[in-house]
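Student: starting from these lines, generate the structure:
(2 chains)
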Amino acid sequence: MFIFWWSATLASRLLTERFVFEHLAATAGSVESVLLFDDVSKEIRLGNYRLDPAYDRPASGHYFVVRTDEKTLSSRSAWEQFFQVPLLVPGEQRVAHGVGVAGEPLLFWFGGYARQGQTFTISVAQDVSEIKGKLQVFQWFSAAVALVLLLVLLGVQRLIVKRSVDKLDTIRRDMTRLEHGKAVALSEDVPTEVLPLVREFNRMLRRYDQRLRQSRNAVGNLAHSLKGPLNLLLRATESVSAEKHDRSIIGQNAEAIRQLIESELKRARLAGRGTLGQRFDLDTELPALIGLLEQVYSEKSVDVRYNIGPGVELVHDRQDMLELIGNLLDNAVKWSNSVVVISLRSARGVLLEVEDDGPGCSAEELGRLTQRGVRLDESVAGHGLGLSIVKDIVDMYEGRLELTTSTRLGGLRASVFLPARSR
Amino acid sequence: MRLLVVEDDPELVSYVRTDLVRAGFAVDIADNGIDAEHLGNTEPYDAVVLDLGLPQKSGMDVLQAWRKDGNRVPVIVLTARDAWYERVDGFKAGADDYLGKPFHVEELIARIRALIYRRHGRTSHQIETRCLRLDEDVQQVEVGDVTHQLTGTEFRLLRYMMLNSGRILSKTHLSEHVYDQDSERDSNLIEVYIRRLREKIGTQMILTKRGQGYIFNDPSV
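Tutor: Here you go, the predicted model:
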């Protein structure tokens, strides 16, 4: 825009000057035509000329000077030799900028002539202060127009950009909703440029969800089909006909297979991080889970208290979270005397703590429990069982599991940290 | 005690039924959700063992339908997938206990007993009054120092009456809780069994309310 303004200014100035110079040249022509030459004396003088009367008014701003080797003639408006006129060879033309006596800007046009053996130079000058003033007004005006144009352009551009970004914004909002489990796909009302991307993304989401469901179903079916025969096998060991020794071998192995299937199936059922479109509703699921435990352990009458901190949001798979919290709580209730406390805090993720007032574990046992690679259910009888699946879930969510002694209740404290979904 | 077992695996059903009957329960079977819902709403069961994976109507739906109709029968949910989320879903639908497959029948029997006792406001696993102690495992009753063997029907009848002591129980009511739906339900048979029980535990324990039924009462309490 500045270039536009600058070139407009320059062009207008050059155009004006050119126009003035042409006018000066024409005037010079007129002056030349009224020059009279005395053949004898070689004198030169002005005839009756019909030029602009301004040339007769002193200091009018319109001047001409004719100069020969010996003599200088000037218009009445110009006093003697008030500007220098170079002698030019005939045919030569020159222009110049100058300043008048009052400091007004002048444009000069010089031209060399030859007539009847005489060489002379005609110089015409014009005060251009008025034109310059007008030019300046024009320049200011064009600057203002350029500025307004610039602002309008910027505004329009901003609007265009904002409109297209606004459409992208729906994608961003959808992503957030997706992350918080409030949507299952991205809206396809987006600019056509990104539509293929969004479609592909939705397709992958669907396929991922489908795969997860398929594998879960497969796992469930496997559980069904394996457990039936196994059940009957176990049942057979209870029958009286078999030898006692055989029965115990069959029984032990069937039980071992059962436990293996159990734990592997549980692991396979876990969805893990990255399942989109799912949100664990703590406010309804946690009371239900606690109610369930209080019902199952109704004879113990354990008081399970829960405390959900502000901003706690578990954007994870429901089945995984129920498995995780269910096992932790079950363990706690099983071993507690009367109180279990579960608390959830948000801290760049969620920190979940389950404490009980049971016997707890010795420092040595705790150390063994948290060792890497140790199967928890092998390490400590009773306390383990659920803890091994808890550890699997925590690992899958790239979290941390810590087992310590509860300072306020005296029993075991299981702390689980689940990091927020990486962005 | 009369049970409804809802399970579609015939082999599992056959041995579970045998063991439950041996443990002194009258057992009805339903192998699909529709029948289960109907039976549960029409017969006065003392407890239901409900599998979740059923043909025609899922166990969860059946349970929800019962609860919606105000049917509060105690329900043990039986599932091959004993994942926590299924237990929570069962809890939300109104289940009373949960048992993961595979299970030992002893475990199931213990759960059923516990559930029924809980429903009758008992915490003890023993059914006893001041003078009587019922041994459920061997189905005999101790009256002071004397032990009497009980037949299956006698045992079921006495247990039901002891659990509902102080309540007037009509002959029809008693026969509904002592026999399964396939048995010949002659309420006069109840009279016969009441007489036999009185011979074993004494006449003053079971009182006759003319035109209404019987009432179990331990006079020494």
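
Student: identify the residues contacting the residue in chain B positioned nearest to chain A.
Tutor: Proximity of chain B to chain A (C-beta to the nearest C-beta) peaks at B:Trp84, 3.3 Å away. In this view, the C-beta of every residue, glycine as well, is placed from N, C-alpha and C. Applying C-beta atoms under 8 Å, 6 or more residues apart in numbering or on different chains to B:Trp84 gives the contacts A:289, A:319, A:322-323, A:325-327.

Student: grab the nearest non-local neighbour of it.
Tutor: Nearest residue to B:Trp84, sequence neighbours excluded (C-beta to C-beta, 6 or more residues apart in numbering or on different chains): A:Gly326, at 3.3 Å.

Student: list the contacts of that neighbour.
Tutor: A:289, A:386, B:84, B:87-88.

Student: again with A:Leu15
Tutor: Contact analysis of A:Leu15 by C-beta under 8 Å, 6+ apart lists nothing.

Student: follow-up on the earlier one: quickly check the contacts of A:Gly326 for the two that are furthest apart.
Tutor: A:Gly386 and B:Val88 (14.9 Å; C-beta to C-beta).

Student: about what we covered before: closest to B:Ile194 among the contacts of A:Gly326?
Tutor: B:Arg87 (41.5 Å).

Student: what about that closest one, distance to A:Gly291?
Tutor: Separation of B:Arg87 from A:Gly291 (C-beta to C-beta, to the nearest Å): 11 Å.

Student: higher neighbour count, those two?
Tutor: B:Arg87 (26 against 14; other C-beta atoms under 10 Å in any protein chain shown).

Student: could you measure from A:Arg388 over to A:Leu230?
Tutor: Not quite, residue A:388 is Ser, not Arg. For A:Ser388, the distance to A:Leu230 - C-beta to C-beta - is 21 Å.

Student: oops, could you answer that again for A:Ala114 instead?
Tutor: The value you get for A:Ala114 to A:Leu230, if C-beta to C-beta is used, is 128 Å.

Student: between the two, which one's more packed in?
Tutor: The neighbour comparison of A:Ala114 against A:Leu230 (other C-beta under 10 Å) goes to A:Leu230, with 17 against 11.

Student: so that one, which state does it fall into?
Tutor: helix (DSSP: H, G, I helix; E, B strand; the rest coil).

Student: my read: it touches A:Ile261, true?
Tutor: Yes: applying C-beta atoms under 8 Å, one finds A:Leu230 in contact with A:Ile261, separated by 7.3 Å.

Student: run through who's touching the lowest-mean-pLDDT helix or strand in chain B.
Tutor: Of all helical and strand segments in chain B, the minimum by mean pLDDT, DSSP states H and E falls on strand B:127-128, at a mean of 78. Residues from elsewhere that reach strand B:127-128 (C-beta under 8 Å, 6+ apart): B:117, B:133-134, B:136, B:159, B:162-163.

Student: point out where chain B drops to low pLDDT.
Tutor: Scanning chain B for pLDDT under 70 picks out B:79-82, B:123-125, B:219-221.

Student: from the recorded domain assignment, give the ranges for it.
Tutor: B:2-119, B:127-216 (automatic domain parsing).

Student: measure A:Val219 to B:Val88 for me?
Tutor: When A:Val219 is compared with B:Val88 (using C-beta to C-beta), they lie 19 Å apart.

Student: more crowded one of the two?
Tutor: B:Val88 (24 against 18).

Student: tell me how far the strand or helix carrying that one lies from the chain's centre.
Tutor: Using DSSP states H and E, B:Val88 sits within helix B:84-93. Mean-position distance between helix B:84-93 and its chain equals 23 Å (C-alpha atoms, centre = their mean, to the nearest Å).

Student: follow-up on the earlier one: what is the nearest of the contacts of B:Trp84 to chain B?
Tutor: Closest to chain B, out of all of these and judged by C-beta to the nearest C-beta, is A:Gly326, at 3.3 Å.

Student: quick one: the helices in the chain, in order.
Tutor: Defaulting to chain A. A:2-34, A:129-179, A:195-238, A:244-269, A:282-296, A:318-335, A:363-370, A:376-379, A:386-396 (DSSP state H).

Student: meant chain B actually
Tutor: B:10-22, B:33-42, B:59-68, B:84-93, B:105-119, B:152-163, B:171-178, B:187-201.

Student: so what secondary structure elements neighbour the second one?
Tutor: Read that as helix B:33-42. Under the contact definition 3 or more C-beta pairs under 8 Å, 6 or more residues apart in numbering or on different chains; DSSP states H and E, helix B:33-42 sits against strand B:2-6, strand B:26-30, strand B:47-51, helix B:59-68.

Student: and the first one, what other elements does it pack with?
Tutor: By that I understand strand B:2-6. Strand B:2-6 packs on helix B:10-22, strand B:26-30, helix B:33-42, strand B:47-51, helix B:171-178, going by 3+ C-beta pairs under 8 Å, 6+ apart.

Student: what do you get for the last one?
Tutor: In terms of contact count using 3+ C-beta pairs under 8 Å, 6+ apart, helix B:59-68 is assigned the packing partners helix B:33-42, strand B:47-51, strand B:75-79, helix B:84-93.

Student: which non-adjacent residue is nearest the spatially most central residue of chain B?
Tutor: Nearest residue to the geometric centre of chain B (C-alpha atoms, centre = their mean): B:Met1, 2.9 Å. In this structure, B:Met1 finds its nearest non-sequential neighbour in B:Asp46, 4.6 Å apart by C-beta to C-beta, 6+ apart.

Student: same thing with A:Leu329?
Tutor: Nearest residue to A:Leu329, sequence neighbours excluded (C-beta to C-beta, 6+ apart): A:Leu293, at 5.6 Å.

Student: for the one you found, the count of nearby residues, please.
Tutor: So A:Leu293, with other C-beta under 10 Å, has 22 neighbours.

Student: go on, the one 5 residues further on?
Tutor: A total of 15 residues lie near A:Ser298 under the criterion other C-beta under 10 Å.

Student: cool, A:Phe19 as well?
Tutor: Count around A:Phe19 with other C-beta under 10 Å applied: 11.

Student: swap in the one 4 residues further on?
Tutor: A:His23 is flanked by 15 other residues according to other C-beta under 10 Å.

Student: next: A:Tyr55.
Tutor: 20.

Student: now it, nearest residue through space, not along the chain?
Tutor: A:Ser75 (4.1 Å).

Student: that older thread, single out the most deeply packed of the helices of chain A.
Tutor: helix A:318-335 (a mean of 24; mean count of other C-beta atoms under 10 Å in any protein chain shown).

Student: residue contacts, the nearest residue to B:Val6 once chain neighbours are set aside?
Tutor: The shortest distance from B:Val6 to any non-neighbouring residue, by C-beta to C-beta, 6+ apart, is to B:Ala36 (4.2 Å). Neighbouring residues of B:Ala36 by C-beta under 8 Å, 6+ apart: B:4, B:6, B:30, B:48, B:50, B:54, B:57, B:59, B:62.

Student: ditto for A:Lys132
Tutor: A:Pro105.
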